[in-house]
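> Sequence and predicted structure below; questions after.
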Amino acid sequence: MAALSKTAKGGKGATKRTITDTNLLLTITIVVFVLMYAFAMAFLGRGFLRWQTFFNILNTNAPLIITSIGLSLVMICGSIDISVGGVVGLVTMCCAVNLDYMGGNPVTALLIALGIGLAFGLVQGFLVAYLEIQPFIVTLAGMFFARGLTTIIHTEPFNVQNEAFLALKNTRINIPFLGSMNNSGNFTPAYMEIGVAVALILVVLAFVMLRWTSLGRSFYALGGNRQSALMLGINTKRSLFLAHVISGLLAGIAGYVYILHSASGAVTNADGMEMNAIAASIIGGTMLTGGVGNIAGTFFGVLSLGVIQNIVSSAGFTDAWWSKITVAAMICLFLVIQSIVLARKKQTE
């Protein structure tokens, strides 16, 4: 009993430190994002002064936001899922084929996306949580499997011509009071795509789940100290399984949002998205060691990646590797920051 009481006290203290570390990393992420955007507005032209530039970042990166949410949940548990990019690519191709070659509609495409994402989440979650196979190996196999299936289903890129789907794709959420004057002197309202609304809703739901539900608390406990979580009565296998299921399901939704933005099927869709999602999670303050992370930070991590790409292109560096170098530098910076936070935690233990 004394040992259990001591563990419980240690777990409570660890939870307090986790919340503190999470808030610290979130603050750093937001500050970095604000400074980058302020720099862009001050030195890279008036384009960044328009609200539509910010909304365009959201429109382009809505699938990445959704994918990064799921990956952050898995990383908070101390696990990893590198199959998400492959799942997104598979979903886009399956939805495109369904819409153009099988007489599908937006509803059937959505059901296909949810089914594929859920299937990957269930299988990988079971292998990782209950069979205790290394998550990197399991999800690496899942990534290869998804990419292979994508090439089997269809090899040539094509644009979706389904009228009902295109009508949904072209639906805009107008925000007139944030509009601006275009080069012709006409006023154009700012707008968001439907995928952005979906991404923002999922950000809020994931944030609430992590902050105010027992499942969210079990994710943090599992990533912080699995043995302590077990002694506190948390079903760690179920928590890890659900984290991977949610990640797979969100990857399916991200695939649907992706094709809703691009309206195309191609084997190269979402190529490298898993790496961008990991980068966004790290920049957002989610630790690879688990136990620390915040969905709001992940959201700003994705925005930071989008701003970097815009800054690099606006500065005249059109080669893709310039943005990759900048992202790599940011990841290194935030890994150093995380190392400092870990060192601070060890000193307080």
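Yep, that arrived. All values reported here derive from a predicted model rather than from experimental measurement.
> now the longest strand seen in the chain, how far from the centre of its chain.
What stands out as the longest strand in the chain, according to DSSP state E, is strand 172-181. A distance of 26 Å separates the centroid of the chain from that of strand 172-181, by C-alpha atoms, centre = their mean, to the nearest Å.
> Touching, residue 219 and residue 73? I think so.
Yes - assessed by C-beta atoms under 8 Å, residue 219 is found in contact with residue 73 at 6.3 Å. C-beta: built from backbone N, CA, C; applies to glycine.
> Where does the prediction get shaky in the stretch 1-150 of the chain?
Within the stretch 1-150 of the chain, the segments meeting pLDDT under 70 span 1-20, 45-46.
> for the strand or helix carrying residue 73, packing partners?
Element membership for residue 73, per DSSP states H and E: helix 51-76. Packing contacts for helix 51-76, counted by 3 or more C-beta pairs under 8 Å, 6 or more residues apart in numbering; DSSP states H and E, involve helix 84-101, strand 172-181, strand 187-193, helix 194-212, helix 214-224, helix 236-262, helix 273-283, helix 295-314.
> give me the number of residues near the residue nearest to residue 171 when sequence neighbours are not counted?
Distances taken as C-beta to C-beta, 6 or more residues apart in numbering put residue 194 closest to residue 171, at 5.6 Å, once the chain neighbours are dropped. The number of residues packed near residue 194 is 18, by other C-beta atoms under 10 Å.
> could you list every residue that touches residue 194?
168, 171, 173, 260 (C-beta atoms under 8 Å, 6 or more residues apart in numbering).
> tell me which element residue 140 falls in.
Using DSSP H and E, residue 140 falls within helix 135-153.
> And residue 219, how far from residue 280?
Between residue 219 and residue 280 the computed distance is 18 Å (C-beta to C-beta, to the nearest Å).
> Show the secondary-structure elements that the helix or strand following the helix holding residue 140 is packed against.
Next along the chain after helix 135-153, taking DSSP H and E as the criterion, comes strand 158-159. The contact analysis (3+ C-beta pairs under 8 Å, 6+ apart) places strand 158-159 against strand 264-265.
> The strand it packs on: partners in the sheet, and parallel or antiparallel?
If you go by DSSP bridges, strand 264-265 pairs up with strand 158-159 (antiparallel).
> What residues sit buried inside whichever helix or strand comes after the partner strand?
For strand 158-159, the following helix or strand on the C-terminal side (DSSP H and E) is helix 163-169. Applying a neighbour-count criterion of 16 or more other C-beta atoms under 10 Å, the buried positions in helix 163-169 are 165, 168-169.
> Can you tell me the centre-most residue of the protein?
Geometric centre of the chain, nearest residue: residue 68, 1.1 Å, by C-alpha atoms, centre = their mean.
> Leaving out sequence neighbours, find the closest residue to residue 175.
residue 190 (4.5 Å).
> Tell me who's in contact with the one you found.
Here residue 190 is in contact with 50-52, 55, 174-176, 178-180 (criterion: C-beta under 8 Å, 6+ apart).
> Now the two most distant members of those residues.
Maximum pairwise distance among the contacts of residue 190 (C-beta to C-beta): 14.9 Å, between 50 and 174.
> For the two, indicate the residue with more neighbours.
Neighbours per residue, other C-beta under 10 Å: of residue 50 and residue 174, the larger number sits with residue 50, 18 against 12.
> right, and that one touches residue 187 too?
No - assessed by C-beta under 8 Å, residue 50 is found out of contact with residue 187, at 11.9 Å.
> Any chance you could list residues touching both of those two?
Common neighbours of residue 50 and residue 187 (C-beta under 8 Å, 6+ apart) are residue 180.
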